[in-house]
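# Any chance you could fold what I've pasted below:
(chains A and B)
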There are 2 protein chains.
Amino acid sequence: MDARIAVDIGGTQIRAACYLDEGRKALTQLRAPTQQPGKTPLQSMFDLIAEVWPAESRVLKIAVAAPGPIDPAQGVILAAPNIPGWYDLPLKAELENRFQTPAAVGNDANLAALGEYQFGAGMGHHYLLYLTLSTGIGSGIIIADRLIEGAHGLGAELGHVTVLPDGPLCGCGKRGHLEAVAAGPGIARWVEEQLANGEASRLSQGQGLTAKDVAGAASQGDPLCLRAMQRAGAFIGYALADFLHIFNPTIVIFGGGVSKSGELLFSPMRRALEERVLSPRYLQDLTLTTAALGDDAGLMGALALARS
Amino acid sequence: MDARIAVDIGGTQIRAACYLDEGRKALTQLRAPTQQPGKTPLQSMFDLIAEVWPAESRVLKIAVAAPGPIDPAQGVILAAPNIPGWYDLPLKAELENRFQTPAAVGNDANLAALGEYQFGAGMGHHYLLYLTLSTGIGSGIIIADRLIEGAHGLGAELGHVTVLPDGPLCGCGKRGHLEAVAAGPGIARWVEEQLANGEASRLSQGQGLTAKDVAGAASQGDPLCLRAMQRAGAFIGYALADFLHIFNPTIVIFGGGVSKSGELLFSPMRRALEERVLSPRYLQDLTLTTAALGDDAGLMGALALARS
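Have a look, this model is predicted:
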């Protein structure tokens, strides 16, 4: 039986797995640190792929989920800020040269959306948005069963829409993006600002706050942290209203660490969405849910890409 | 030779034309008022279609561009506020019953995008946004050669994304939408507000100002009206940055009366876009241009739909 190899590479670790042509159970699955002494990340990935390579099957395709902007048509990583040296890296060509096998490369958030669509919370849906709320906000969009990536693969950056003109600085260098107000660091920074203004909280200033700390204190009833979660949830709801007007999906899937704060975030989000949406028609047939595949979403998406 | 019939219906007039299977020159093209004494708009449309019906060809399909939210899969007009009685109208079924011919229905802005894509300024592009700046802001989106309409045809409402939280009231009843600040009435209203605050201008208060008046005074150097056009252009540019991050198109086409104000609007728009866009990569291969088909865009889009 023929096989496919899926790879998910992040700043911390690389995962590779070999699958037969059906099902989502890997024949072999391995992981390794992205940065190892005396090896480039590319060499580490090559070694891992060689290790999962099946002895008895032909490999039809290798697909890789990678961070940062990518040109999916050419298979070039434009910039992966967390992986040293990965700028303008022709990864597809490198893989095809090394393994003499067709290869494909996709942005990890886009492929996580594809993974949830094909194997996870989005199964059976044809119009799907996926948002990962983490240290940044990544996203993937599937419309009429196709991934929306844009002419050069630079689309689907739903974290980089402006929700608060002249708002806080985003990691990308622009102001007021959804990511700047509702990703983990934005939530923590807002609480730090209020503490610096003298607001009371069980959290104290200058201890390197994270969104997890904020969610923890909010779940204990801390009023400042409750407001912080409500604020982030509301901004996600406002942006979501825009996204519904643009895409009219039947499901929105939330992944990433910040989504684990659950109703602390989702309850104000739904309220903001209902307040802002143009017409109740957009909500009639809409599921809002959390991701089903967890850390496997990128790898599962790479598998879907390897099979396409 | 087989034929197709295309129809464009608005609040004021209905246009219908019959085309052979190639080219964009109509065999017959007629127009009539939408509201005629003693006739429903549907009867007027039926009569016009019967009048352009070819004597010697078989009609393979009838396609209609209609305003307002539509369920394109079912061919149902959900709400066409400018056409009396057109709520939950099963137009596709009505046409198929009356003419015993397959029919299709699309939103006029979506079909105008399709018209520009197939016959106008967007020829040769695969990733296209179309924005009509008029009394409202309508839009159409083509990604990888396919129209983006959403699960129930409610998508592609780019005029109804929030650009100014708590901003002015939009025609849809929500606040701060692009349409509320950058469509014709929003531009005129902002000038009226400044006049009420005592600002100087060659325009005076209470004369039923329009965006055309504002653009006219701006082109004569009126400082207040210049600021009004700069403000509208800047908000379009800000929204456009978001749209580029979402869709990464290769062309954005502007239609509608407000787009006729030209550089008064487009120069501040480009400046705002360049200020807000994530990376110059989004602009490298991007054409910003005005519509080529003018009032024919909807009819041409209906023709494209009739041929699909």
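# and residue A:292, that's in a strand?
No - counting by DSSP: H, G, I helix; E, B strand; the rest coil, residue A:292 is not part of a strand but coil.
# Report how many residues lie close to it.
17 (other Cβ atoms under 10 Å in any protein chain shown). Where you see a C-beta, it was placed from the backbone N, CA and C, and this is true even at glycine.
# got it, and residue A:219?
Look at residue A:219: counted by other Cβ under 10 Å, it has 15 neighbours.
# so what's the nearest residue to it once chain neighbours are set aside up against?
Spatial nearest neighbour of residue A:219, chain neighbours left out: residue A:264 (6.3 Å); criterion: Cβ to Cβ, 6 or more residues apart in numbering or on different chains. Residues counted as contacts of residue A:264 (Cβ atoms under 8 Å, 6 or more residues apart in numbering or on different chains) are A:215, A:218-219, A:226, A:229, A:233.
# Residue A:264 and chain B, how far apart?
Per Cβ to the nearest Cβ, to the nearest Å, residue A:264 is found 22 Å from chain B.
# Residue ranges of each domain in chain A, please.
A:3-113+A:296-306, A:123-291 (automatic domain parsing).
# what distance separates the start and the end of the last one?
By that I understand domain A:123-291. By Cα to Cα, to the nearest Å, the extent of domain A:123-291 from end to end equals 11 Å.
# What residues of whichever strand or helix holds residue A:217 count as buried?
Of the helices and strands defined by DSSP states H and E, residue A:217 is found in helix A:211-219. Buried residues in helix A:211-219, counted by 16 or more other Cβ atoms under 10 Å in any protein chain shown: A:211, A:213-218.
# How about stretch A:191-205?
Counting neighbours by 16+ other Cβ under 10 Å, stretch A:191-205 gives A:191-192, A:194-195, A:201, A:203 as buried.
# of these, closest to residue A:303?
Among the buried residues of stretch A:191-205, residue A:191 lies closest to residue A:303 (Cβ to Cβ), at 38.8 Å.
# Show the contacting residues for that closest one.
A:201, A:203, A:209, A:214, A:224-225, A:228.
# Tell me the spacing between the residue sitting furthest away from the middle of chain A and residue A:228.
For chain A, the residue at maximal distance from the C-alpha centroid (Cα atoms, centre = their mean) is residue A:198, at 34.9 Å. Distance of residue A:198 to residue A:228, computed by Cβ to Cβ, to the nearest Å: 16 Å.
# shouldn't residue A:235 be in contact with residue A:181?
Yes - counting by Cβ atoms under 8 Å, residue A:235 touches residue A:181, with 4.9 Å between them.
# Next secondary structure element downstream of the longest helix seen in chain A?
In chain A, assigned by DSSP state H, the helix with the most residues is helix A:223-247. Proceeding N to C from helix A:223-247, the next assigned helix or strand is strand A:251-255, under DSSP H and E.
# helices or strands up against that following strand?
Applying 3 or more Cβ pairs under 8 Å, 6 or more residues apart in numbering or on different chains; DSSP states H and E, we find strand A:251-255 packed against helix A:108-119, strand A:128-133, strand A:287-290.
# Is any residue of the second one near chain B?
No - Strand A:128-133 stays out of contact with chain B when judged by Cβ under 8 Å from any Cβ of the partner chain, the minimum separation being 9.5 Å.
# Pull up the pairing partners for that strand, direction included.
strand A:137-143 (antiparallel), strand A:251-255 (parallel) (DSSP bridges).
# and the angle for the longest one with helix B:223-247?
It refers to strand A:137-143. With axes from the mean of the first three to the mean of the last three Cα atoms, to 10 degrees as the basis, strand A:137-143 and helix B:223-247 are set at 80 degrees to each other.
# thinking again about what came up before, quickly check the contacts of residue A:191 for the two that are furthest apart.
Taking Cβ to Cβ, no two of these sit farther apart than A:209 and A:224, at 11.2 Å.
# shared neighbours of these two, anything?
Common neighbours of residue A:209 and residue A:224 (Cβ under 8 Å, 6+ apart) are A:191, A:203.
# between these two, which one's more packed in?
residue A:209 (24 against 18).
# And the more buried one, what's its pLDDT?
Note for residue A:209: predicted pLDDT of 93.
# hang on, it packs against residue A:188?
Yes - Residue A:209 is within contact range of residue A:188, at 4.4 Å (criterion: Cβ under 8 Å).
# what's the burial count for the closest residue to chain B within the stretch 201-308 of chain A?
In the stretch 201-308 of chain A, the residue that lies nearest chain B is residue A:248 (2.4 Å; Cβ to the nearest Cβ). Number of residues near residue A:248 (other Cβ under 10 Å) recorded here: 24.
# Surely it touches residue B:154?
Yes - counting by Cβ under 8 Å, residue A:248 does reach residue B:154; the two are 4.1 Å apart.
# Show me the common contact partners of these two, please.
Residues touching both residue A:248 and residue B:154 by Cβ under 8 Å, 6+ apart: residue A:282.
# any chance you could map the strands in chain A?
Assigned by DSSP state E, the strands in chain A fall at A:3-9, A:13-20, A:28-33, A:59-66, A:70-71, A:76-79, A:87-89, A:103-107, A:128-133, A:137-143, A:146-147, A:251-255, A:287-290.
# circling back to that earlier point, figure out which of the domains of chain A is closest to residue B:127.
Closest approach to residue B:127 among those (Cβ to Cβ): domain A:123-291, 4.0 Å.
# distance between that closest one and the chain's centre?
Taking Cα atoms, centre = their mean, to the nearest Å, the mean C-alpha location of domain A:123-291 is offset from the chain mean by 12 Å.
# cool, and stretch A:32-49?
Mean-position distance between stretch A:32-49 and its chain equals 22 Å (Cα atoms, centre = their mean).
# measure that stretch end to end?
Start and end residues of stretch A:32-49 are separated by 11 Å (Cα to Cα).
# Buried residues, it. List them.
The neighbour-count check on stretch A:32-49 (16+ other Cβ under 10 Å) flags A:32, A:34-35, A:41-42, A:44-46, A:48-49 as buried.
# Over to stretch A:286-304?
Neighbour counts over stretch A:286-304 (16+ other Cβ under 10 Å) mark A:286, A:288, A:291-293, A:296-304 as buried.
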